[in-house]
Each structure stands twice: as C-alpha cells, then as structure tokens.
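Asks: Please work out how this folds:
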Amino acid sequence: MKSSFWAVSFLLLFTACAHQPIRKTHTPYSPEVSNTVPQGDALKKVQSFYQSGDYANALALLNATPESSVPMSELTEYHNLKGLVLLAQRQPLQAEASFRKALDTNNHPEYRGYYQYNLASALFESNKTGESLDILNAIDLTHLDPVHQQKVLTLKEKITSKQYANAGASPTPGLNGNGPSALPTPPQETYSGPVNPSRIGLLLPLSGKYEEFGKRAQRTIELAFQTSKESRAQNYELIPVDSGETTESRIEAMRKLVEDDHVIAIVGPILSTGLEELAARADYYQVPLVSIAQVQGPITADLFSCTISPHDQASMVVDYAMKEKGYTRFAILAPSNNPGEELANAFWDVINAHHGEVKAFELYPPSMTDFRPPVDRALGLFYTDARENELKELAAKRKEMKIIHKTMRTAQYFNLRPVIDFDAVIIADEAKIVGQIIPTFAFRDAKNLSYLGISSWNSTQLVQRAQDQANGAIFPVALNTLNPPESTKAFYDLYVGTYNAYPGEFDALAFDAASMVIQAGQDSPSSRNDFRKSLEDVKDVEAATGSVSMVDHHCARNLELYTVQKGKIVSVQK
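Replies: The predicted structure is shown next:
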C-alpha cells in the first residue's frame, strides 16, 4: 500500500464546489508500490496542511521537494497533489501545468479520466472554457465511478451556462499565445438602430482621477485624424463621451455613443476594468470597439485590442533569452491584477512552448511596498520547515565558533543561503516597482541575477531605483526611439511639434489605434458590420510604433529589445 501521505480524503472534494478537482489514489491497485516517501517528514506535513486548509504551507513544502527526489511510482500523485494545492490557492494557471505533468507521467489508463477532470477544472477557473470543455468531452466516463461521472456532467453544464450567458463569447483568450482559431458568433439578439457612417466615438475618461490619460488619448487620436494623409480621415466626426470611472458609466457612455450619436465604431476604453462587460455590450450593439486598455480582454466578434500583446512581448523576450542566452529555467513575479496575471500567463505559456521550466511563480498584491515576502518565497527563504537540517548546521557552526550575536560579519552563520535554481527572473510590473524588487533580491544575497521584463520597463525609474543591479536587464519596447523606423520618427516629430512635449508609449498606442480605424474607413463602410470586416483586414499601416497589422483582433507589431548597460538603456545588439 502507498504511504498515508497520499491518502487525501475524498470528503474534502465532495464538500467543495461542484467543479472541485478529484484526487484519485492508486492505493487499491498498487500493493507493490514502495512506502518510500521523498523527504518524508516534510511531505507528510503537506497532507496535514492540505486537509487543514493551510495551502500556503502545503505548497511551500511541495516546492521544497525536488522532483528528482520523488520515486517514479509516486511522481504522478506528486504533480496531481501539487495541482490540487495550487487550485485551492486560486492559482489555476500553475495548477494546469501540474495536472498536465500528472497526465504525462501517468501509467495507469484507468485513472486518466480523473486527471483530465482535474485539468479541466483548472482550465475552467482560468476562464478557458472552450479548452476545458474539449478536455471534458475527451474523458471516457466508463472509467469513472457514478459520483465522478456526475461531477464531469456538472462542470459541462457550468461551462455551457457560462458561454450562453456571455452570448457565445469565450470569456478569456486562450493562453497558447496564438490568438483564436475562430471568433465566436455574435449573439442572436442584437441592436439594429441607425448608423451615421461618418461618426467615430471616443470612449474615454474625461473627468475624475483618470482625466489626464483620457484627454491625452483624445488629443492624440484627434491629431491622427487631423494629420492623416488618407482622404477619408478628414470627413469623420469624432464624438468624445466621458466614460467615467465605473463599469456602469462606461456601459452608459457606450449606449449614448451608439443609440444617441449613431457612431459606426468606437475607440476606447483605456482602462481594463469591466472590459469583459464592455465587450459583451459591443457584441450586442455590433459596434467595433478598438481598445487601448492594458489588458487584451476577451475574444469577441467586435472587440479589437491595440495594446501591446502580452504574447508578443513574452515571445520576443523568452525567445532571445533561451536562444541567445541559453536560459531554460525561470522565476516569474507579477502583481495579482488583470494586467499582471495576463502577462505572467503569457510568459508561462511561451516558456512551456519553448520547453523551458518555471521554477518559481509568485503573485503579490498590487499595493505591496515591502517585497521581501514574494522574493523570499522565490528564493526558498520564506518557509524554513523543509530546511531544518541546514538551520541545525548553522546553529552547530555558531556553537563551534562561539558566535552569539548576529552582525554584518557573522550574518552568514545565521542566514540560510538563497536557493537559486533558475537562470533569470521575469517581473511583469512597471519600472518603478521593478526598481524596488530587483534590489530586494540583492538584499537577500541573490546578486548579479538576470532580469527580464515588459515594455513598461523603458523608464529612467528602472535605473534610478535599481541602479547597478539593473545592468543586463532585457525588455521589449513598441515605441522604439533609439533606432526608430521612419513612421516612428514622423510621429515623434509631429507630436513634439504640436504639443511641445515628448510622447510616451501610451500616446503611441492611441495614435496606432486611430491609424487602424482611419485605414478601416478608407472604403467608406456604411454599416458597423462592414466596418468590422474592414478592420479585420487592415494590414501594414505605418503608424506610431512602426508597421502595424490587425491579426486575430489585436494589433501585431514588430518590437525591439532594449537592455541596461552601465546605467543606460540601449538597444540589444543581436
């Protein structure tokens, strides 16, 4: 019989939510399995932590147990249990990776359905309902007992209900980074009011705490229309409406633009909050919505994203890191908000696609100012139960050397050394925050690490805050001002000449969105449906960030890699 460590009670599963994953044990069928449990004392605690609901400690101990120390006969259950703990901690992306490993290492076909269900549960929690349903449909129900057959059917019903409630739209883009293979059908009941083909709506916050950004976007969009060489651009009337600060006010602003002002298309929003609801409402109105919010948003028929694709950023950075630097193992840190999680998910997906490995994954509150906890967790310093032997060795060394007090000179005999089992750290946050996190790694004696990031790292705050610890950091940029293409030079000169101010990435994205809308209107579409089709076909527009094309409803563009050398941001020499 297997060790009791693996005997997680089914009662926990039955009393949880209907789509709670199943932990199926092999115990009745594997009397030959060894009772050897890797790092037994530590892993026995995992079961206790899991059953008591202390998922943080359960996960910490699992992370401290190297896969190489787990017997092959126990590896499937190790990954499955880790997936359950991750899912209980509301980390479905990481849980998905663990359940996939459980499926890959499983040598018992009769249990495949149980692990498939667990994977489908993680996908459902990530809002990847289409992929979750595909997994559920592949399960052979004859290998499941009646109770678990019902669980599969219940989760199918939940997915179907959710998709129906979203009017046929998949709530969140798939994390394979390649965009949708086919867009969902617009809802059956749609608005069919009048359209003025010469009116474009601007859905922007023109009052409140985001007023500055809204007005910046408005003036940049107006600049694009006023100076465009495309003949049709001058004939459009731009209708700005204040979107306010709430989802409700944005929906009301959209209603006004469509029902009262009869616009043919809308540029906006610039805020990610409530984007799913806006996308659903855009489908109802059948009005193209060209978003410049940081989050790409759900895949729907009428939502277009002109932000910098998280997948494009992750692909460029990871491809360079693995091919040019030889990195294969990564730590990922990100804020626990929609932009941070979307970027972190994209990096995780690209790393998996390149056959790399994520060794640490830490989400932290967006409001955090002391970053020692997530850094310590990534370095194996936060939970010390699994490193008791090392602590005893340090205590013995202090006793031998008669060290009583901790000083700068004797700290090495008190502090555990960081566990650095990754080649680079990915931080999906803005420069001023990253400028605090990087020195925290150095403070924890993890110096001279390699750091990879996102486009918002292109700021002097990164170097000012992280100083020499930022040297070697690599990140992508869309607004390439170090060796700009001709269209970027033209935009830069136009903006500076008009406003006597330097444009930032946000301004460039607003200009790109307007440029795509202008190009879509060149053939004078007379209906919103025609405008949407035209927008889907826009290719090779020379805009603020260079050549931009609409691919799978998002703006695809060529990014440039920047790095930090001796305190200066420079282009990566490929």
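
Asks: domains in this protein, as residue ranges please.
Replies: Following automatic domain parsing, one finds the domains of the chain at 4-165, 199-307+487-557, 310-381+418-477.

Asks: and those domains as JSON lines, adding distance to K402 and mean neighbour count?
Replies: In short, each C-beta sits where N, CA and C put it, glycine included. Converted to JSON lines, the domains of the chain look like this (distance: least, Cβ to Cβ, whole Å; neighbours: other Cβ atoms under 10 Å):
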{"stretch": "domain 4-165", "distance to K402": "30", "mean neighbour count": "18"}
{"stretch": "domain 199-307+487-557", "distance to K402": "56", "mean neighbour count": "20"}
{"stretch": "domain 310-381+418-477", "distance to K402": "24", "mean neighbour count": "20"}
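
Asks: Tell me the secondary structure at the spatially most central residue of the chain.
Replies: Closest residue to the average C-alpha location of the chain: E342 at 1.9 Å, with Cα atoms, centre = their mean. Per DSSP: H, G, I helix; E, B strand; the rest coil, the secondary structure class of E342 is helix.

Asks: what about the strands in the stretch 301-450 of the chain?
Replies: Using DSSP state E, counting those that start in this stretch, the strands of the stretch 301-450 of the chain run over 303-305, 329-335, 357-364, 424-427.

Asks: Quick one: mean pLDDT over the longest one.
Replies: Per-residue pLDDT values over strand 357-364 give a mean of 91.

Asks: relative orientation of it and strand 329-335 in degrees?
Replies: Between the axes of strand 357-364 and strand 329-335, defined by axes from the mean of the first three to the mean of the last three Cα atoms, to 10 degrees, the angle is 20 degrees.

Asks: low pLDDT regions in the stretch 401-550 of the chain?
Replies: 408, 411-415 (pLDDT under 70).

Asks: ok, K447 - contacts?
Replies: Counting by Cβ atoms under 8 Å, 6 or more residues apart in numbering, K447 touches 441, 469.

Asks: Please apply the same query to the one 3 residues further on.
Replies: Contact analysis of S450 by Cβ under 8 Å, 6+ apart lists 321, 325, 327, 423-425, 472-474.

Asks: Return the backbone torsion pair for L452.
Replies: Main-chain dihedrals, L452, degrees, to the nearest 10: phi -120, psi 140.

Asks: Oh, that last question was meant for G130, not what I typed.
Replies: Backbone torsions of G130, given as degrees, to the nearest 10, read phi -60, psi -50.

Asks: Let me see the ranges of the helices in the stretch 351-500 of the chain.
Replies: With helices called from DSSP state H, counting those that start in this stretch, the stretch 351-500 of the chain shows them at 372-378, 388-401, 431-443, 460-466, 486-499.

Asks: got the ones you listed as CSV, with distance to A95 columns?
Replies: CSV is the format used below for those (distance: least, Cβ to Cβ, whole Å):
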stretch, distance to A95
helix 372-378, 17
helix 388-401, 28
helix 431-443, 25
helix 460-466, 32
helix 486-499, 41
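
Asks: tell me the SS of T563?
Replies: Strictly by three-state DSSP, T563 counts as strand.

Asks: what's the spacing between it and I474?
Replies: Distance from T563 to I474, counting by Cβ to Cβ, to the nearest Å: 5 Å.

Asks: To G53, which of the strands of the stretch 301-450 of the chain lies closest?
Replies: Nearest of the strands of the stretch 301-450 of the chain to G53, taken as Cβ to Cβ: strand 357-364 at 19.1 Å.

Asks: So which elements touch the closest one?
Replies: Applying 3 or more Cβ pairs under 8 Å, 6 or more residues apart in numbering; DSSP states H and E, we find strand 357-364 packed against helix 92-105, strand 329-335, helix 338-353, helix 372-378.

Asks: looking at it, A217 is touching F506, isn't it?
Replies: Yes. The criterion here is Cβ atoms under 8 Å, and A217 meets it with F506 at 7.4 Å.

Asks: Stretch 231-249 spans what distance, first to last residue?
Replies: By Cα to Cα, to the nearest Å, the extent of stretch 231-249 from end to end equals 34 Å.

Asks: Out of the helices of the stretch 351-500 of the chain, which gets nearest to A314?
Replies: Closest to A314 of these, according to Cβ to Cβ: helix 431-443, at 15.9 Å.

Asks: quick one: contacts of that closest one?
Replies: Residues contacting helix 431-443 (Cβ under 8 Å, 6+ apart): 333, 335, 369, 371-372, 374-375, 379, 425, 427, 429, 447, 449, 451, 453, 456-459, 461-467, 469-470, 473.

Asks: can you give me the helices for the stretch 51-200 of the chain?
Replies: 55-63, 72-88, 92-105, 112-125, 129-137, 146-165.

Asks: and the third one, what other elements does it pack with?
Replies: So that's helix 92-105. helix 72-88, helix 112-125, helix 338-353, strand 357-364.

Asks: got the angle for the third one vs strand 357-364?
Replies: What separates the directions of helix 338-353 and strand 357-364 is an angle of 170 degrees, with the same axes, to 10 degrees.

Asks: who's in contact with helix 338-353?
Replies: 93-94, 97, 126, 175-177, 272-273, 294-296, 310-311, 313-315, 317-319, 330, 332, 334, 357-358, 361, 363, 366, 426, 428-429, 454.

Asks: what about it, distance to the chain center?
Replies: Its chain's C-alpha centre and that of helix 338-353 lie 4 Å apart, by Cα atoms, centre = their mean, to the nearest Å.

Asks: so what's in contact with T563 and I474 at the same time?
Replies: V572.

Asks: Tell me the pLDDT of the residue nearest to K156 when sequence neighbours are not counted.
Replies: Nearest residue to K156, sequence neighbours excluded (Cβ to Cβ, 6 or more residues apart in numbering): L136, at 5.4 Å. If you check L136, the pLDDT there is 90.

Asks: got a markdown table for the helices of the stretch 51-200 of the chain, with distance to A396 too?
Replies: Listed next are the helices of the stretch 51-200 of the chain as a markdown table, based on distance: least, Cβ to Cβ, whole Å:
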| stretch | distance to A396 |
| --- | --- |
| helix 55-63 | 24 |
| helix 72-88 | 31 |
| helix 92-105 | 36 |
| helix 112-125 | 43 |
| helix 129-137 | 51 |
| helix 146-165 | 51 |
